[in-house]
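J.: Sharing a model prediction with you, sequence too.
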Amino acid sequence: MSLLIAMISFSLAMSISPGPVNMVIVSSGASYGVRKTFSFVSGATIGFTLLLLFIGLGFYKVIDLYPSILKYLAVAGSLFIIYMGYLLASSKPELDIKKEKLPTFIQGFLLQWLNPKAWIACVAGVSLFSVPNDNGVFLTFSFIYFVVCYLALFSWSVLGNKVTIFLNSEFRLKVFNLLMGGLLIVTACFLLYSQFI
């Protein structure tokens, strides 16, 4: 029972804590609502879970042999996060929302695979909840993480939607999107900087 509690606690702490994916979800929830953000939430959750399985069922051995892979990933991921930040900051707060402006399932999926925070969470989770020669514990952890991640990311979209009470004008929504996009870009720049010091 204590192992299940540890799995749930770890999953919740990593999923609910602010990061690039959560910032996109809050901004999308504020701009487009919960229903239209659900595709991105689904992409991010499924993307993360498949990344966790990919690492836990074998790729962690490659990371052990070549730890510099994580450094290259952090650079590529930071550049993608800067791009997502630009998309957020430059989005127009309009009442008539065109589908192509919405964050997509594919963007959510890719953002997890290029998100250094997601890789660190996966590597940490694999090291904590894997048993040699037995994938049962790890697969249980992966299922728990999937459920918790979905709920946590969905709650960020609800939070973004509730923020619209204060974002009741196009100007305020634009400022909010600029702030969220700017935070994403600053986060990505910090990740880039940390790779070269």
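T.: Great, that's in hand.
J.: And the pLDDT for the closest residue to Leu57 other than its chain neighbours?
T.: Leaving out its chain neighbours, the residue that sits closest to Leu57 by C-beta to C-beta, 6 or more residues apart in numbering is Asn135, at 7.0 Å. For every residue, glycine as well, the C-beta is placed using N, CA and C. pLDDT for Asn135: 86.
J.: How many residues are close by Asn135?
T.: By the measure other C-beta atoms under 10 Å, the count of residues near Asn135 is 13.
J.: and the residue in the chain sticking out farthest from the centre, how far is that from Lys61?
T.: Within the chain, the residue lying farthest from the chain centre (C-alpha atoms, centre = their mean) is Asn133, at 30.0 Å. To Lys61, Asn133 is 14 Å away according to C-beta to C-beta, to the nearest Å.
J.: Same question for Ala6.
T.: Noted for Ala6: a distance of 24 Å to Lys61, by C-beta to C-beta.
J.: Which of those two has more residues huddled nearby?
T.: Set Ala6 next to Lys61 and count neighbours by other C-beta under 10 Å: Ala6 wins out with 13 against 9.
J.: pLDDT wise, what is that one at?
T.: 88.
J.: if I pick the spatially most central residue of the chain, what's in contact with it?
T.: The centroid of the chain falls nearest to Val21 when counting by C-alpha atoms, centre = their mean (3.1 Å). Applying C-beta atoms under 8 Å, 6 or more residues apart in numbering to Val21 gives the contacts Ala44, Gly108, Leu111, Gln112, Asn115, Lys117, Ala118, Leu153.
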